[in-house]
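J.: The following block contains a protein sequence and its predicted model.
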Amino acid sequence: MPNYAKVCFYGLLISFVGALPFGTLNLTAFDIAASQGPVSAVWFAVAVVLAELSVVRITLYGNERLHLGEKALKYILPFGIVFLLYLSLVSFMDMGSVPVTGSKADFFSHIKSTFALGLLLSALNPLQFPFWLTWNKTLDHKGILKHSNSHYVPYMLGIGLGTLIGLGIFIVAGKFLFGNYGHYHTITNLLMGLLYLGFSFYLMFLFIKKRIHPKIE
């Protein structure tokens, strides 16, 4: 396999597998597809990919700066915690309401698009930095990913395709499994609220751990 095709394949494989485990991004895409339709969900997925590729480019640029991930987490964690807590609150409050088209886009009074929601959720996901820093270094050590734009372009292309395919599976599932969204409105909002709340608690744990650990040392 040519080097460019190989690095593209590895990028696609890593991002595709990473998009499959249940998390805030793929389950939100699933819920948007069920409540608003596949078009809105696709815009959400495109925004997720754009934010993810920006993170990957930053990690590639700072691949040799060992503390890049730690510095990024220091600023991203607090914003991610607050944002996820807000999404959790909105989901719980929406449980008793009558389902309306576009409700999942109206998380903020001035942001009414799933594209903006995708950018925010993906950009405020602090796990992306250590995830891609680790994989970038692993592929570099194996001689698969070289420090050149000729390798970075197919690598990022593969990552974008892999994430789109992974999220596409959840979008298709959301469209066909929940064709009649009104019957599942309360259940999906409860599950999404618990998911956002649980992940926010996990980020709180990481934030407190990182604040306490340096003091202990």
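T.: Sure thing, it's come through.

J.: Look up the closest residue to Ser54, ignoring the ones flanking it.
T.: Once flanking residues are discounted, Ser54 sits nearest to Ala123: 7.6 Å by Cβ to Cβ, 6 or more residues apart in numbering. From N, CA and C alone the C-beta is placed, and that goes for glycine too.

J.: quick one: contacts for that neighbour?
T.: Ala51, Ser54, Val55 (Cβ atoms under 8 Å, 6 or more residues apart in numbering).

J.: give me the element the first one is part of.
T.: Using DSSP states H and E, Ala51 sits within helix 38-61.

J.: Show me what that helix is packed up against.
T.: Judged by 3 or more Cβ pairs under 8 Å, 6 or more residues apart in numbering; DSSP states H and E, helix 38-61 is in contact with helix 24-35, helix 68-93, helix 114-123, helix 128-141, helix 149-177.

J.: between these, which gets nearest to Leu12?
T.: The closest of these to Leu12 is helix 149-177. By Cβ to Cβ, the value is 3.7 Å.

J.: Give the buried residues for the longest helix along the chain.
T.: Ranked by residue count and defined by DSSP state H, the top helix of the chain is helix 185-216. If you call a residue buried by 16 or more other Cβ atoms under 10 Å, then helix 185-216 has these buried ones: 185, 188-189, 192-193, 195-197, 199-200, 203-204, 207.

J.: Turn the contacts of Ala123 into CSV, columns for distance to His151, neighbour count and pLDDT.
T.: Below are the contacts of Ala123 laid out as CSV (distance: Cβ to Cβ, whole Å; neighbours: other Cβ atoms under 10 Å; pLDDT from 0 to 100):
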residue, distance to His151, neighbour count, pLDDT
Ala51, 22, 20, 94
Ser54, 18, 15, 92
Val55, 18, 20, 89
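
J.: Closest to Thr28 out of those?
T.: Using Cβ to Cβ, the contacts of Ala123 come closest to Thr28 at Ala51, 13.2 Å.

J.: For that closest one, which non-adjacent residue is closest in space?
T.: Leaving aside its chain neighbours, Ala51 sits nearest to Ser122 (3.6 Å; criterion: Cβ to Cβ, 6+ apart).

J.: can you pull the contacts of that neighbour?
T.: By Cβ under 8 Å, 6+ apart, the residues touching Ser122 are Leu25, Ala47, Val48, Val49, Leu50, Ala51, Glu52, Val55, Gln128.

J.: Identify the residues contacting the second one.
T.: It refers to Ala47. For Ala47, the contact set (Cβ under 8 Å, 6+ apart) comprises Thr114, Phe115, Ala116, Leu117, Gly118, Leu119, Ser122.

J.: In this structure the first one contacts Val48, no?
T.: No - no contact is recorded between Thr114 and Val48 when judged using Cβ atoms under 8 Å, the distance being 10.0 Å.

J.: Spit out the residues that contact those two alike.
T.: Counting by Cβ under 8 Å, 6+ apart, Thr114 and Val48 have no common neighbour.

J.: ok so, going back, give me whichever of the helices and strands packed on helix 38-61 is most buried.
T.: Mean neighbour count (mean count of other Cβ atoms under 10 Å) peaks for helix 24-35 among these, with a mean of 25.

J.: what are the C-alpha coordinates of that helix, in PDB please?
T.: C-alpha atoms of helix 24-35 as PDB (Å, rounded to 0.1, in the frame of the first residue of the first chain):
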ATOM      1  CA  THR A  24     -21.900  12.800  23.700                       C
ATOM      2  CA  LEU A  25     -21.200  13.300  20.000                       C
ATOM      3  CA  ASN A  26     -22.600  10.200  18.400                       C
ATOM      4  CA  LEU A  27     -25.600  10.000  20.700                       C
ATOM      5  CA  THR A  28     -26.400  13.700  20.100                       C
ATOM      6  CA  ALA A  29     -26.200  13.000  16.400                       C
ATOM      7  CA  PHE A  30     -28.600  10.000  16.900                       C
ATOM      8  CA  ASP A  31     -31.000  12.200  18.900                       C
ATOM      9  CA  ILE A  32     -31.000  15.000  16.300                       C
ATOM     10  CA  ALA A  33     -31.600  12.500  13.500                       C
ATOM     11  CA  ALA A  34     -34.600  11.200  15.500                       C
ATOM     12  CA  SER A  35     -36.100  14.600  16.500                       C
END
